[in-house]
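# Sequence and predicted structure below; questions after.
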Amino acid sequence: MNAPRILFLGLQTLTGLLGAAMTALGLWLVTLGGTAYYLVTGLLLVAGAVVAWRGRPATAVVAGGVALLVTLLWSLVEIAGKGWMESWGFDLAGRVGLLGALVLASAVVGLIPLGTRPLRTVAIGAVGLLLTIAATLAFFWERPGTARTAVAVAPGPADTDWTAFGGTNAGTRYSPATQITPANVGSLREAWRFHTGDLPEQDGRVFFSAQNTPLKADDTLFLCSPRNRVFALDPATGREKWRFVPTIAPRTLESAFSVACRTVGYHAAPGEGAAICARRIFVAVADGRLIALDARTGRRCPGFGRDGTVDLTAGMGLKEPGHASSNSGPSVIGDMVVVGQQVSDNQRRDAPSGVVRAYDATTGALRWAWDAKRSDARAPLDADQTWPKGTPNVWNVISGDAGLGLVLLATGNAGNDHWGGNRDPEDDRFSSAVVAVDLATGATRWAFRTVERDRFDYDSGAQPVLTTLPVGGAARPVVIQATKTGSLFVLDARTGRPVTPVDYRPVPTDGMPGDRLSPVQPQSVAYPNLSGRPERDPERIDARHSWGLTPLDAALCRIQFHRMRYDGIYTPPTGKGLGTLLFPGTVGGMNWGGIALDPARGVIISNHSRLPNRVQLIPRADVADPAIGDGGRRPDQAVAPQKGAPYGVDRPMWLSPLGVPCIAPPWGYIAATDLRSGRLLWSQPLGTGRDTGPLGIPSQLRIVIGTPNLGGAVTTAGGLTFIAAAQDHYLRAFETTTGRLLWSARLPAGGQSSAMTYMHRGRQYVAIGATGHARFETKLGDALTVYALPTPPAK
């Protein structure tokens, strides 16, 4: 037997084995009511392998060719039926690639003994396929462009500050800086880089994700690292002025979903000049301390609390350090320091309180404590009392307006996300809501629920945004709340009533026994829905959206789809079959990166993920993992216990055996929406496959597929939007009004943080924390990377 014959039979054997597996999976899929494609194609491949071993290579080649043709036609029909989604080329490659390679290689080798004519025909076909693949890759390859024409802008300020996570407490993430424009952004270069040195140990028990956005006040840049270390830097050079390093027990950090420090707080006392702590930085430490530091020296402010520290664990009744902690940092609104907290979720119904507290920025005295179950936010807490257990918490960044006397809270869920049969009415009233409280008293002014009786973990992760909008011929202060469910709700800041239309649409209510589900859910209909593919209504997927990098993992994903319950958005959690397909997933939609608003152009820039979870409720008797507070540790839990509910919950991302999403890309978008008309101005996939791939191996291909994303954008008066957020390591600059990608820079690690920009002594800088995200599986780092235009040569 000669070498070509041996190679041919080897290739046919591999093809036959692939066909046998496809046949078995296809038969299973047909019994579930799914497509017959895998069964038919598998049988063709098996038949081809059999006749190859019987000495009929031409027949085997024909069988393989028919299977490949069927695959191509079936793939195109399904892709067209989904509306030719933006990353359809990558979708097609996953469906056809492996099978095409095996069939064409087998055809070329198998036809060698039959002479040149048939071999030439197949070879031409193989070359044509390769050229088609190359052209497709080139079409989807990301290439930052350049501006076609210069854009005239008004001169901007010589210096600007960025004194809160979103620029100001309004959370717009907008800068009046105009030096960097679409015409010159291509010249942007790294100006300096600072390393915090705060990296995780290698035991895998603490999930680092710094997520920090620096503040800039006067002549100093302030940032914090995951372990709440604070650094003061020169804005022009990155030279360190001072650092503050609190000591935190590692066990405390294990209780957190992710160890982050999104921001610090900044307060300047009027008229005190150079007095000690006239300007101060507040940092919320993961072990439950709120610390005030002198902004000039980094030393503790002696008049704040006790030796510069307020104890945030007071009244919490914590059974485990770190079960409740502030990872979004304090917000300084007027002369109040307002602190919310993440409560490590799905552990127990009697979780630590979701209380939000306001302290005097000078003395540290507690002014009020808002909670869903407290009627008087200023009522003192007795020494033997704790704040109400298991109430909705505020884990994201808090907004406010001292002029309006408002603090805006976007709430999470009461204890246990996916079963709420034992929630109190106050829990459901304030879960997944926007709540406006009085700055002076903490009294509730109004509340608007973005989800009714949330059992989906669709908590309000994005920071509320304050702006003005013409309503009835007059400018009215409004609150924009972006949600995981893809809605942009616009509410009157004074009353909480929607100023743009909201529909309450019927949803399924047949959940698990004992739970109480809402028959309707709110949807903003004035703007496109941004939970999946941007369009008028929330995207509803079907079996055609199931996907894989090979026919086998694609078939397994499709089988899983048919074994899960899915009735569109708001499908109730279940313990039957493989559980519920939750789409959008727990990441969203829009998450803590929130939105950026260019008020001059009236444009909302948003980024969101398009990634489902598989949510399965596990009967209490089958839950072995103890909850936090009962000796349980989050890194050890295979199932989140949900103590106090009849079920624990398992809710992994819906991934294939190769570790890639079971849904065809795009997995993430960036979009621009007109604030006044509600029109979608542009949208496109955000992120490439450069740093991701099967089994966690980076593909190295800068093909635009759209990746899941975490982090937010910043817009500028110069007409640019800067954003990282995607799973590849790039900071990008888009033209705000058109969406044209104009510039990108390679980051040293994942950019799961929100960018910011500032002017300092006449020069504009753009800063991004490149520190990665352990749960997002991006490369971890410790760098703040800062960019600027080259300085003009000295005359």
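Looks like it arrived, so ask away.
# With just CA atoms, put the helix or strand harbouring F561 into PDB.
Using DSSP states H and E, the secondary-structure element containing F561 is helix 551-563. The C-alpha coordinates for helix 551-563 follow below in PDB (Å, rounded to 0.1, in the frame of the first residue of the first chain):
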ATOM      1  CA  PRO A 551     -19.600  20.200  14.300                       C
ATOM      2  CA  LEU A 552     -19.400  18.200  17.600                       C
ATOM      3  CA  ASP A 553     -19.400  21.000  20.100                       C
ATOM      4  CA  ALA A 554     -21.900  22.800  17.900                       C
ATOM      5  CA  ALA A 555     -24.200  19.800  18.100                       C
ATOM      6  CA  LEU A 556     -23.700  19.500  21.900                       C
ATOM      7  CA  CYS A 557     -24.600  23.100  22.300                       C
ATOM      8  CA  ARG A 558     -27.700  22.700  20.200                       C
ATOM      9  CA  ILE A 559     -28.800  19.600  22.200                       C
ATOM     10  CA  GLN A 560     -28.400  21.700  25.400                       C
ATOM     11  CA  PHE A 561     -30.600  24.400  23.800                       C
ATOM     12  CA  HIS A 562     -33.400  21.900  23.300                       C
ATOM     13  CA  ARG A 563     -33.000  20.600  26.900                       C
END
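# Work out the gap between it and the centre of the chain.
Centroid separation between helix 551-563 and its chain, computed with Cα atoms, centre = their mean, to the nearest Å, is 25 Å.
# Over to stretch 749-766?
Distance of stretch 749-766 from its chain centroid, counting by Cα atoms, centre = their mean, is 20 Å.
# buried sites along it?
Residues of stretch 749-766 classed as buried by neighbour count (16 or more other Cβ atoms under 10 Å): 749-760, 763-766. In this view, the C-beta of every residue, glycine as well, is placed from N, C-alpha and C.
# What would that stretch look like as PDB? C-alpha coordinates only.
Coordinates of the C-alpha atoms in stretch 749-766 are reproduced here as PDB (Å, rounded to 0.1, in the frame of the first residue of the first chain):
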ATOM      1  CA  ALA A 749      -3.200  43.500  30.200                       C
ATOM      2  CA  GLY A 750      -7.000  43.400  30.000                       C
ATOM      3  CA  GLY A 751      -8.800  46.700  30.000                       C
ATOM      4  CA  GLN A 752     -11.800  45.900  32.200                       C
ATOM      5  CA  SER A 753     -12.000  49.400  33.600                       C
ATOM      6  CA  SER A 754     -13.500  52.600  32.400                       C
ATOM      7  CA  ALA A 755     -11.300  55.100  30.500                       C
ATOM      8  CA  MET A 756     -11.100  58.800  31.500                       C
ATOM      9  CA  THR A 757      -9.400  61.900  30.100                       C
ATOM     10  CA  TYR A 758      -8.100  65.200  31.500                       C
ATOM     11  CA  MET A 759      -6.300  68.400  30.500                       C
ATOM     12  CA  HIS A 760      -3.200  69.300  32.500                       C
ATOM     13  CA  ARG A 761      -1.200  72.400  31.800                       C
ATOM     14  CA  GLY A 762      -2.600  72.700  28.200                       C
ATOM     15  CA  ARG A 763      -2.100  69.000  27.300                       C
ATOM     16  CA  GLN A 764      -4.800  66.400  27.000                       C
ATOM     17  CA  TYR A 765      -4.200  62.900  28.400                       C
ATOM     18  CA  VAL A 766      -6.300  59.700  28.100                       C
END
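# Just give me the closest of the buried residues of stretch 749-766 to T444.
T444 has its nearest neighbour among those in S754, at 28.6 Å by Cβ to Cβ.
# Is it correct that the closest one is in contact with A713?
Yes. The pair S754 / A713 is scored as a contact, 7.3 Å apart, by Cβ atoms under 8 Å.
# Name the residues contacting each of the two.
Both S754 and A713 are in contact with 173, 593, 725, where contact means Cβ atoms under 8 Å, 6 or more residues apart in numbering.
# Sort out which one of those residues lies nearest V40 for me.
A725 (41.6 Å).
# Now for the closest one, which secondary structure element holds it?
Since the elements are taken from DSSP H and E, A725 ends up inside neither a helix nor a strand.
# Could you shift the numbering so residue one becomes 7, and keep it that way?
With the count now opening at 7, the last piece we talked about shows up as A731.
# Could you list which residues are in contact with it?
For A731, the residues meeting the contact criterion (Cβ under 8 Å, 6+ apart) are 599, 613, 692-693, 715-719, 757-758, 760.
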